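Colleague: Fold the following and give me the result.
(chains A and B)
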Protein chains: 2
Amino acid sequence: MKAKDIRDELSKSEIESLLSDAKSLLTISREVTARLLTAGFSIEQKSDKSLVTSADTEIEKKIREEISRKHPEHGILGEEFPETQADADFKWILDPIDGTEDFTRGLPFWGTIIALHYKGQPLIGVIDHPALDLTISGARGLGAYKSSKGKTDQVMLPDFALRSTECLALTVRANFERVSKDGPVFDQIVKKHQNFRTFRTVYGHTQAILGNLDAMLEFGVGFWDVAASQVLVEEAGGTYLPLTGENGKGFGALFGQKEVVERLNNFF
Amino acid sequence: MKAKDIRDELSKSEIESLLSDAKSLLTISREVTARLLTAGFSIEQKSDKSLVTSADTEIEKKIREEISRKHPEHGILGEEFPETQADADFKWILDPIDGTEDFTRGLPFWGTIIALHYKGQPLIGVIDHPALDLTISGARGLGAYKSSKGKTDQVMLPDFALRSTECLALTVRANFERVSKDGPVFDQIVKKHQNFRTFRTVYGHTQAILGNLDAMLEFGVGFWDVAASQVLVEEAGGTYLPLTGENGKGFGALFGQKEVVERLNNFF
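Modeller: Take a look at the predicted model:
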């Protein structure tokens, strides 16, 4: 007997409706970022030395208001404000601007991350890169989709066996040292897999979900940084493994092409 | 008495005309890449294990033909074919697709690099990223310009003193080891400057020339990889230092904001 997936409690139309709600939240983040990139914004350093701008806080505040208006019974966890209704069945997980430094500098890799989990299982994922006009969105059982330049296509990982090279996406070494002392794990990986690209934002997830890179290794970040990626990569035909650092510190994940994920998993 | 700049032998209108010729060569690279990204292309591994596609060779061949037609007396140095007229006053330096692996995978960071040098001095630089709809171009005395989404703006580095963070663009460590054994130089730099982004293509140059990152450090690459960047960053108000590896192997450069370049120069 196969274990029951708790997400089967939800109907397809219910999931479609929630996915539509999730995607419509991007009108908030797109409007605020476009406006403040022109009008200007304040920049402050947080206690962990990362940056926060008035754009981050305005987006998260407005998205929370919209979720609470439509779904007052849902919980919300976000990077910039305290969690609400932590024991709700439905939990929205938000990173209004992942890659705030890139946002402040005109680098285009920052993104908005919106996830909805149901009873602890990932149901919906949305990653939006406004500066690149690139959105990926998906829901359990409904597939993953890429929208760019007015065109939407379903995302399916390519056949890895046909690739002429193997190329990984990695988070930066600093994330392996930020909340745990796992820097040597990063060193081992890059010694053995010399063909890789490093990313400081969710853009590396995006490229692994699109199948342009063969796997993404994220490490030592917040839950909001990884919360959208599992459902997206699984719906694209890939594999996802959650990771934590030494002593369970920090959130991470290894995901993408099944063969590559299984091989890399030996490092953990 | 100030040393004479040999480029003063050329009139402004002559430089303008050559810049126009350089930019018009992009119609070739844009046409070939758009066509082959749809129709498909062959991929081979070169003796140095880097990739070359039928797009690289078709672009370089057609650009060489066009230059030879317009300027039969000019020399041409390119990544894929032998140098012609090595002792000509004017030398075109070409990398048809920098970042061929990115090109084959759908990552958008590949670019076409076109430079024109006069008696060994950089006169014109063009870096084009078709997948990002982003071109930077410039000529000695005429300024540097960014063209994107139908809009062209002059490029000037921002005031570094107003930055909330300092952030470097670095080539990957593998380039420090590829033709010389300078890996420890990379290690020292990233230990001291923990806020950096690494790039495998000319896209890092682009971001330093645009002033979004504060300096770019390139190392251990071909002459065609660095040939366009000096005139671009100098016209944008920045500083450029050429570099070579141990025993003069490989080409490299350190360029961008004057303060940052001068401070980083201590590592060499």
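Colleague: going forward, measure contacts and count neighbours with C-alpha atoms only.
Modeller: Noted.
Colleague: The residue of the stretch 51-200 of chain A found nearest chain B: neighbouring residues, count only.
Modeller: Residue nearest to chain B within the stretch 51-200 of chain A (Cα to the nearest Cα): A:Arg105, separated by 5.1 Å. Applying other Cα atoms under 10 Å in any protein chain shown, we find 17 residues neighbouring A:Arg105.
Colleague: cool, the one 4 residues further on as well?
Modeller: Counted by other Cα under 10 Å, the residues lying close to A:Phe109 total 22.
Colleague: Please list all residues in contact with it.
Modeller: A:99, A:102-103, A:129, A:131-132, A:201-203 (Cα atoms under 8 Å, 6 or more residues apart in numbering or on different chains).
Colleague: Would you map the helices across the stretch 51-200 of chain A?
Modeller: All helices of the stretch 51-200 of chain A, identified by DSSP state H, counting those that start in this stretch, fall at A:54-70, A:100-105, A:173-178, A:183-192.
Colleague: Those helices: which one's closest to A:Pro82?
Modeller: A:Pro82 lies closest to helix A:54-70 among those, at 11.0 Å (Cα to Cα).
Colleague: Tell me which residues of that closest one come out buried.
Modeller: Applying a neighbour-count criterion of 16 or more other Cα atoms under 10 Å in any protein chain shown, one finds A:55-60, A:63-64, A:66-67 buried in helix A:54-70.
Colleague: And for stretch A:131-142?
Modeller: A:131, A:134-142.
Colleague: And stretch A:101-112, by the same measure?
Modeller: Of the residues in stretch A:101-112, those buried under the neighbour-count criterion (16+ other Cα under 10 Å) are A:101-112.
Colleague: Over to stretch A:241-249?
Modeller: Buried residues in stretch A:241-249, counted by 16+ other Cα under 10 Å: A:243-245, A:249.
Colleague: Dump it to CSV, restricted to CA.
Modeller: Extracted C-alpha coordinates of stretch A:241-249, given in CSV (Å, rounded to 0.1, in the frame of the first residue of the first chain):
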residue,chain,number,x,y,z
LEU,A,241,16.2,16.5,-1.0
PRO,A,242,16.0,18.8,2.0
LEU,A,243,19.3,19.6,3.8
THR,A,244,20.3,21.1,7.1
GLY,A,245,23.7,22.1,8.3
GLU,A,246,25.7,20.6,11.2
ASN,A,247,23.4,20.3,14.3
GLY,A,248,20.4,21.0,12.2
LYS,A,249,21.2,24.7,11.6
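Colleague: which one is the residue of the stretch 51-200 of chain A closest to chain B nearest to, not counting chain neighbours?
Modeller: B:Asn212 (5.1 Å; Cα to Cα, 6 or more residues apart in numbering or on different chains).
Colleague: would the one you found count as being in a strand?
Modeller: No. Going by DSSP: H, G, I helix; E, B strand; the rest coil, the assignment for B:Asn212 is coil, not a strand.
Colleague: burial measure for it, as a count.
Modeller: Count around B:Asn212 with other Cα under 10 Å applied: 21.
Colleague: Same question for A:Ala88.
Modeller: Using other Cα under 10 Å, the number of residues around A:Ala88 comes to 15.
Colleague: ok, it - contacts?
Modeller: A:73-75, A:119.
Colleague: Please produce CSV containing the residues you listed, extended by distance to A:Leu162 and pLDDT.
Modeller: Shown next, in CSV, are these (distance: Cα to Cα, whole Å; pLDDT from 0 to 100):
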residue, distance to A:Leu162, pLDDT
A:Glu73, 47, 98
A:His74, 44, 98
A:Gly75, 43, 98
A:Lys119, 38, 97
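Colleague: ranking these by neighbours, who comes first?
Modeller: Ranked by neighbour count (other Cα under 10 Å), those have A:Gly75 at the top, with 22 neighbours.
Colleague: quick one, what contacts that one?
Modeller: Shown in contact with A:Gly75 (Cα under 8 Å, 6+ apart): A:83-92.
Colleague: Name the pair among those with the greatest separation in space.
Modeller: A:Glu83 and A:Asp89 (13.9 Å).
Colleague: one step back: can you tell me which two in the buried residues of stretch A:101-112 are farthest apart?
Modeller: Farthest pair in those (Cα to Cα) is A:Arg105 and A:Thr112. Separation: 16.4 Å.
Colleague: Can you pull the poorly scored residue ranges out of chain A?
Modeller: Where chain A drops to pLDDT under 70, the residues are A:1-2.
Colleague: Show me what from it comes close to chain B.
Modeller: A:43, A:105-107, A:132, A:164, A:174, A:194, A:197-200, A:207, A:212-213 (Cα under 8 Å from any Cα of the partner chain).
Colleague: switch to 6 Å and redo it
Modeller: Proximity of chain A to chain B is confined to A:105-106, A:212 under the rule Cα under 6 Å from any Cα of the partner chain.
Colleague: now the strands for chain A?
Modeller: Using DSSP state E, the strands of chain A run over A:43-45, A:51-53, A:75-78, A:90-98, A:111-118, A:121-129, A:134-139, A:143-148, A:151-154, A:168-171, A:196-199, A:215-221, A:239-244, A:251-256.
Colleague: Nearest to B:Ser229 among those would be which one?
Modeller: Between the strands of chain A, strand A:196-199 lies closest to B:Ser229; by Cα to Cα that is 22.5 Å.
Colleague: Just the CA atoms of that closest one, as PDB, please.
Modeller: C-alpha atoms of strand A:196-199 as PDB (Å, rounded to 0.1, in the frame of the first residue of the first chain):
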ATOM      1  CA  PHE A 196      29.700  24.900 -11.500                       C
ATOM      2  CA  ARG A 197      28.200  28.400 -11.200                       C
ATOM      3  CA  THR A 198      27.600  30.100  -7.900                       C
ATOM      4  CA  PHE A 199      24.600  32.300  -7.100                       C
END
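Colleague: How about A:Tyr145, nearest residue that isn't a chain neighbour?
Modeller: Nearest non-adjacent residue to A:Tyr145, counting by Cα to Cα, 6+ apart: A:Gln154, 4.3 Å away.
Colleague: so how many other residues sit close to the one you found?
Modeller: Using other Cα under 10 Å, A:Gln154 has 15 neighbouring residues.
Colleague: repeat for A:Lys192
Modeller: Residues lying near A:Lys192 (other Cα under 10 Å) number 9.
Colleague: what separates it from A:Cys167, distance-wise?
Modeller: The spacing between A:Lys192 and A:Cys167, counted by Cα to Cα, to the nearest Å, is 12 Å.
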